[in-house]
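>>> have a look at this prediction, sequence included:
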Amino acid sequence: KAGVTQTPRYLIKTRGQQVTLSCSPISGHRSVSWYQQTPGQGLQFLFEYFSETQRNKGNFPGRFSGRQFSNSRSEMNVSTLELGDSALYLCASSLTSDATYNEQFFGPGTRLTVL
Amino acid sequence: AQSVSQHNHHVILSEAASLELGCNYSYGGTVNLFWYVQYPGQHLQLLLKYFSGDPLVKGIKGFEAEFIKSKFSFNLRKPSVQWSDTAEYFCAPGGGNKLTFGTGTQLKVEL
């Protein structure tokens, strides 16, 4: 079974631009969550999508948004990029959203550098 | 609001030494507890998990963790570490798919 895939693996953007990252979950998984990993703040939850609906949201500004398609693939978008958005963005997939016995599987991440 | 504290940021051990990494959390409601590991150059992998039942859970590669509800702790242990255990370890309590990660513990095992 293929794991979680994320594209692209590396991105370089300049301040003010916008960026879209993509995540394909494990086949059969319907929930996709996004996390931001930085040396200063560690791993922080961005949001979760399940059945094309946002289920949970972390404490990030509205510049960070996402969506999920009917095939469970998800994209996250960051508009008006700031230097502080430089980070590793991780996607995690799981079977369901609210099940007590749920667990998440992480992808390799997309390394975003904002210049 | 949920929070998690990992007490050790950097740990250096010799092979065959015993390991215990501390994790304390604050969480309202039913909480699931996870330890994830990130080996150099690899992505996050699940080490072990606790949902309910026996508070002593066993994971991959000989790791185990004990959930102590009264102390809000979920410490990770391994009786004898190997050089290949060199990695960063994250404690992550959560409800559903919203995990709150600790700051991580960088473990270096020396030969």
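Alright, I've got the coordinates.

>>> looking at strand pairing, list the partners for the spatially most central residue of chain A.
Nearest to the mean C-alpha position of chain A, counting by CA atoms, centre = their mean, stands A:Trp34 at 3.0 Å. Taking DSSP bridges as the rule, A:Trp34 bridges to A:Phe47, A:Cys91.

>>> name the element residue 89 belongs to?
In the absence of a named chain, this looks at chain A. Element membership for A:Tyr89 (DSSP states H and E) is strand A:87-94.

>>> could you do chain B instead?
strand B:87-95.

>>> do that strand and chain A meet at all?
Yes - counting by CB under 8 Å from any CB of the partner chain, chain A is contacted by strand B:87-95 at B:90, B:92. (Glycine included, C-beta is placed from N, CA and C.)

>>> sheet partners, orientation included, of the next helix or strand after that strand?
Sequence order places strand B:98-99 as the next helix or strand after strand B:87-95, per DSSP H and E. Take DSSP bridges as the rule and strand B:98-99 pairs in its sheet with strand B:87-95 (antiparallel).

>>> in chain B, which helix or strand is least confident?
Every helix and strand of chain B was ranked by mean pLDDT, DSSP states H and E. The lowest is strand B:98-99, at a mean of 86.

>>> chain center to that strand: distance?
Its chain's C-alpha centre and that of strand B:98-99 lie 15 Å apart, by CA atoms, centre = their mean, to the nearest Å.

>>> how many other residues sit next to residue 7?
In the absence of a named chain, this looks at chain A. Neighbourhood size, A:Thr7 [other CB atoms under 10 Å in any protein chain shown]: 11.

>>> my bad, the chain I had in mind was chain B
15.

>>> can I assume it is in contact with B:Gly22?
Yes - counting by CB atoms under 8 Å, B:His7 touches B:Gly22, with 3.9 Å between them.
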